[in-house]
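Asks: Provided below for reference: sequence and predicted model.
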Amino acid sequence: MMPSRTVPAPLSHALASLTFIVAGDNAILALYEASPSFPNADFGSFRVSTHSNFKKLGSAHYGSLVSVSLGTSVSDFGGYVGTGTTPIPNCALSLASVASLDTKNVLPFNDGGRLSLFVFDPGQGSVGGPVFGNLDL
């Protein structure tokens, strides 16, 4: 598996990172659980076109990294963090919501082989959160 990078969170925030990685011939979904307010997180996939078919692919506990192979490529694909097959509000993201040109929600996309989603505990008064994403080249 290719190594993934996690951006350090400010001290006022806890951070969990959900990462899609393409390593060789496989797309991989991984969750790094670093949120003390949500210490046991389930994660998985869903069909973006219908915002349905939520499928739990794994679970992570505070301080652990869990990865799941998705095959050689995925399309109409989104990832979520939540409990079972229920995402935390605003924690189900499509690939297109991070990379607007990826209208078919496919991975890999152009040179982008990894979509990293970050779930964090917003600080008091924060207008952001609880999720943001990045497509890595």
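Replies: Right, received. Where do you want to start? A quick note: this is a predicted structure, and the numbers were derived from the prediction, not measured.
Asks: Residue 88 against residue 81, yeah?
Replies: Yes: applying CB atoms under 8 Å, one finds residue 88 in contact with residue 81, separated by 5.9 Å. Backbone N, C-alpha and C define where each C-beta goes, glycine included.
Asks: more crowded one of the two?
Replies: Neighbour count, other CB atoms under 10 Å: between residue 88 and residue 81, residue 81 has more, with 26 against 18.
Asks: Roughly how far does the more buried one sit from residue 92?
Replies: Residue 81 sits 8 Å away from residue 92, going by CB to CB, to the nearest Å.
Asks: which stretches of the chain form strands?
Replies: Ranges of strands within the chain are 15-23, 26-32, 40-47, 52-61, 65-71, 77-83, 86-94, 114-120, 131-136, based on DSSP state E.
Asks: which of the ones you listed is buried the deepest?
Replies: Mean neighbour count (mean count of other CB atoms under 10 Å) peaks for strand 114-120 among those, with a mean of 24.
Asks: What distance do you get for the residue nearest to residue 82 when sequence neighbours are not counted to residue 100?
Replies: Closest residue in space to residue 82, ignoring its immediate chain neighbours: residue 88 at 4.8 Å, by CB to CB, 6 or more residues apart in numbering. Distance from residue 88 to residue 100, counting by CB to CB: 23 Å.
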